[in-house]
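> When you get a sec, could you give me coordinates for this:
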Amino acid sequence: MRLTEDERSTIVSVASTLVPPERISALCAYGSKVAGYSRPDSDYDFIVVSKRFREGVRYRYLDSPVASSALIVDEGLLLEDARSSYLGEFVVGRFLNVYEAITNPGLLSEIELDYKKRIIVEALLELSSDYGDFGRHFVIPYDYFLFNKLNRRAAVYPPALYSYVQTYTCPLGPQNLAWSADGFSTAAKSLEPRGFLRTTKGGVQIIPEKMKVDAFAKVQSLFSDTTRGVTQYAVHGYAGRVGLSVFRREAQSKLKRLRESPSPPSALERPRSILRLEEGIVIPSASLIVKELAHILGYESYSTAERDIGEPYSTTRVLTFRGGGKESSVVVKNYTDVRSLKWALLGVWASAARFTMTPLARLDREYGMTRTLRGMGVLVPLVLAVAPDERVLVKEYVKGPTLAMAIDDTIRGSDDGTETVGEYATLLAKIHGGGIGLGDAKASNVIVSRDGLYLTDLEQALKGGDRAWDVAEFLYYTSKLSNREDGMKKVAKAFLDSYAESGDRKTIGKAMSSKYVGPFRPFLSPGMTKMLRELMTGYS
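Sure, this is the predicted structure:
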């Protein structure tokens, strides 16, 4: 308890002068005295929940026996405020932060639980709407729901920011935060059976497929902030029964105190900055990418250089940091780059394949498949950071030539890279055996490192994807614009030998379909096409 027994008894006595004791459903204290930032002249703030309170909601200010501010509210209206923002959350908003139940803690807990459940649903709907299926990768801390809501409430009524800042920066701030977060944890667990979220020790994760079932509530969520703000101001004025001059003086007083208070916690100013990922960090703005990466790479003073990598239509670049006698590189991929229109063009050109084109969907697949393939024992670069609002992904830079370079040397006869080609075919068969199609299985997306073959560019990878397309694309794309049939035959045979040994021969048979060769035919000589199809026939 934050209040002494004498203080609690005094509040009970004061409440009994405002509402007949037999009509008091519950009583609780909140504000500076409970949160731990009160001054000697601070009022005692408390809520009287009353049965059949005709006025609905009313503020009462008293000077004796102690200076106090009583908020009297009808029980039914308070429950409606918790469940549907009936009063613009004017009353129930106080249950976001720490309070002390004086009588009937069960009813107060029910109100708090209903309110925090609604807050969670609205917050998850917003995240799901903004980030689509990528939202599944966030670990959403329980205190996110608190700070996201406080941020919105402060935007509607800026003077309230003073109380929020003091509550979470005063000496009892950590305890106050733990208290509120624990309430959101309880609320999340009670929502889990509905299927649109899963709870973890550290927070909540969205299940997008189930969130879409509740998508109708998004309309209400978008509309609610404005309507709640209007309702809150109206109820405030009605409850206080004071003129605009008093209302203005109260707001000015809080704003003056806010200027004298500590800086707001960063989580209160930017709630999404505390969202987490299971791999990599969340960067709230693309403008902070270089600074954040320098921090996690251990650079204090540094210079940077960047260069594009991949094919001309690639949206990927290498960012290199130099400083303190060391050098580090990372790969930065921007999914909103105009060059990413390649997937729209390829979708028209290669009618046999179905490409995902939206930036968020491609980011979701790349991130998700990176983790899935690693779980299968496949080498993939680590994710270092994601800037989800700008659709940017940062991965570790893996040194080494691409498999395409090794194949070029083999076709020209300057080197024999068929063993590496066979390793890739075995790896692809393993991935296909796990039910995954890469969607973009070109040799240029494979890095030959000292540790083995690393797969990059997974933005089209998909559980249940078209495995025959992967085989066809590798063979036909590798052969494009080449007349060296003997060299290509060595490469194709090495690939098919290993794939047939480790994978499903039926996939090779399906890859022979004319719908797969069609997109590449303009870039293949008739002799090359004939050679590849005859070779594939022997393995199907």
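
> The helix or strand hosting Leu384 pairs with which strands, parallel or anti?
Leu384 belongs to strand 383-387 when assigned by DSSP states H and E. Sheet pairing of strand 383-387 (DSSP bridges) gives strand 281-282 (parallel), strand 392-396 (antiparallel).

> Out of these, flag the one nearest Met488.
Comparing the strands paired with strand 383-387 against Met488 with C-beta to C-beta, the closest turns out to be strand 392-396 (31.1 Å). Bear in mind the C-beta positions are built from the backbone N, C-alpha and C, glycine included.

> how about the helix or strand just after that closest one: buried residues?
Using DSSP H and E, the helix or strand that directly follows strand 392-396 along the chain is helix 403-412. Neighbour-count burial for helix 403-412 flags Leu403, Ala404, Met405, Ala406, Ile407, Asp408, Thr410, Ile411 (criterion: 16 or more other C-beta atoms under 10 Å).

> Pick the one among those closest to Ala425.
Of all the buried residues of helix 403-412, Leu403 has the smallest distance to Ala425: 10.6 Å, by C-beta to C-beta.

> okay but Arg83 is in contact with Asp114, surely?
Yes: between Arg83 and Asp114 there is a contact at 5.2 Å, judged by C-beta atoms under 8 Å.

> out of these two, which sits in the busier spot?
Asp114 (21 against 14; other C-beta atoms under 10 Å).

> Check which element follows the longest helix anywhere in the chain along the chain.
Longest helix in the chain, counting residues (DSSP state H): helix 105-131. Next helix or strand after helix 105-131 toward the C-terminus (DSSP H and E): strand 138-139.

> what's the following helix or strand after that following strand?
Taking DSSP H and E, what comes next after strand 138-139 is helix 142-156.

> what angle sits between that next one and helix 105-131?
Helix 142-156 and helix 105-131 are oriented at 80 degrees to each other (axes from the mean of the first three to the mean of the last three C-alpha atoms, to 10 degrees).

> Show me what the next helix or strand after helix 142-156 packs onto, helices and strands only.
Using DSSP H and E, the helix or strand that follows helix 142-156 in sequence is helix 161-169. Applying 3 or more C-beta pairs under 8 Å, 6 or more residues apart in numbering; DSSP states H and E, one finds that helix 161-169 contacts helix 32-35, helix 142-156, helix 173-191, helix 244-260, helix 266-269.

> Which of these has the lowest mean pLDDT?
Mean pLDDT per stretch puts helix 244-260 lowest among the helices and strands packed on helix 161-169, at a mean of 55.

> can I get the helices and strands packed on helix 161-169 in JSON lines with mean neighbour count?
As requested, the helices and strands packed on helix 161-169 are exported to JSON lines (neighbours: other C-beta atoms under 10 Å):
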{"stretch": "helix 32-35", "mean neighbour count": "22"}
{"stretch": "helix 142-156", "mean neighbour count": "22"}
{"stretch": "helix 173-191", "mean neighbour count": "18"}
{"stretch": "helix 244-260", "mean neighbour count": "12"}
{"stretch": "helix 266-269", "mean neighbour count": "17"}
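
> Just tell me which of these ends up closest to Arg521.
helix 142-156 (52.3 Å).

> which residues sit against that closest one?
The contact list for helix 142-156 (C-beta atoms under 8 Å, 6 or more residues apart in numbering) reads 89, 93, 96, 116, 119-120, 123, 160-161, 164, 177, 180-182, 184-185, 188, 203-204, 225, 228-229, 232, 265, 267-269, 271-272, 274-275.
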